[in-house]
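1. pasting a predicted model and its sequence here:
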Amino acid sequence: MVGLVASLVALSLIGSAFAPVLLLESPLLLVALAPDARHLALAVGSVAPGLLISVAVARRVLFSAGSFGLGAVYGDSAVTWVEGRSVHLGKVFRFLERLFSRFGAVILVLWPYGSTCILAGAARTRFATFLVAVSLGHTLWVASIYAIGELIAAFTARVLAFLAAHVVESTLVCVAVVVLQQIFSRRRAARRRRADLEA
């Protein structure tokens, strides 16, 4: 499960880094790599609705299943690990844990993200129940983003025209942003580990 989640995160970073060129050349591949809201909204005019929604939902459900597996394998220690890395995120996890214990898989329909999927796994939710709830949640989320993408189609067309005129420059900027974000986040994690060792 760790390998699956790590691979999907790496693919998402690659998709985000090369988003401008992928949006212009292969928007469906971009959504398969990194099904973020911005990529979905920008791809609305370039891909058939059923295909775009299906690929985005499938990719998001795959990541959710990996997160569920992490929760199932590591249980409460997964939540404790998150708390150790970030007090704020740990508090959010504990809040979601209380909501999950109260409402169960319904929370996955409303909040089908990695954090609640980890909690679903840790709570030993039946996988079939999890899969139905998270698939419904992602379908609703993707359909909402698709509707927003249609509403902002005129703006999206201008963004895509700009990218087409500056594809090399915009891709280099995206690559730089992704690389810098990774460097920053790794340094911050290393500082946290050093602080924990010194404490």
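-> Received the coordinates, thanks. Numbers count the residues shown, from 1 in each chain.
2. neighbouring contacts of whichever strand or helix holds Leu30?
-> Counting by DSSP states H and E, the element that carries Leu30 is helix 27-33. Helix 27-33 is contacted from outside by 11-12, 14-15, 18-19, 22-23, 39-40, 42-43, 46-47, 51-52, 55-56, 59, using Cβ atoms under 8 Å, 6 or more residues apart in numbering. Backbone N, C-alpha and C define where each C-beta goes, glycine included.
3. distance between stretch 132-145 and the chain's centre?
-> Stretch 132-145 sits 13 Å away from the centroid of its parent chain (Cα atoms, centre = their mean, to the nearest Å).
4. actually stretch 89-99, sorry about that
-> The answer for stretch 89-99 is 18 Å, by Cα atoms, centre = their mean.
5. would you mark the buried spots in it?
-> Gly90, Phe93, Leu96, Glu97, Leu99 (16 or more other Cβ atoms under 10 Å).
6. list the contacts of Leu151.
-> Counted by Cβ under 8 Å, 6+ apart, Leu151 has zero contacts.
7. hmm, back to that, okay, the helix holding Leu30 in CSV with CA atoms only?
-> Taking Å, rounded to 0.1, in the frame of the first residue of the first chain, the C-alpha atoms of helix 27-33 are listed here in CSV:
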residue,chain,number,x,y,z
PRO,A,27,-5.5,16.7,-21.1
LEU,A,28,-6.8,13.2,-20.3
LEU,A,29,-3.3,12.0,-19.4
LEU,A,30,-2.9,15.0,-17.1
VAL,A,31,-6.2,14.1,-15.3
ALA,A,32,-5.0,10.5,-15.0
LEU,A,33,-1.8,11.6,-13.5
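8. centre-most residue in this structure?
-> Among the residues of the chain, Asp36 comes closest to the average C-alpha position under Cα atoms, centre = their mean, at 6.3 Å.
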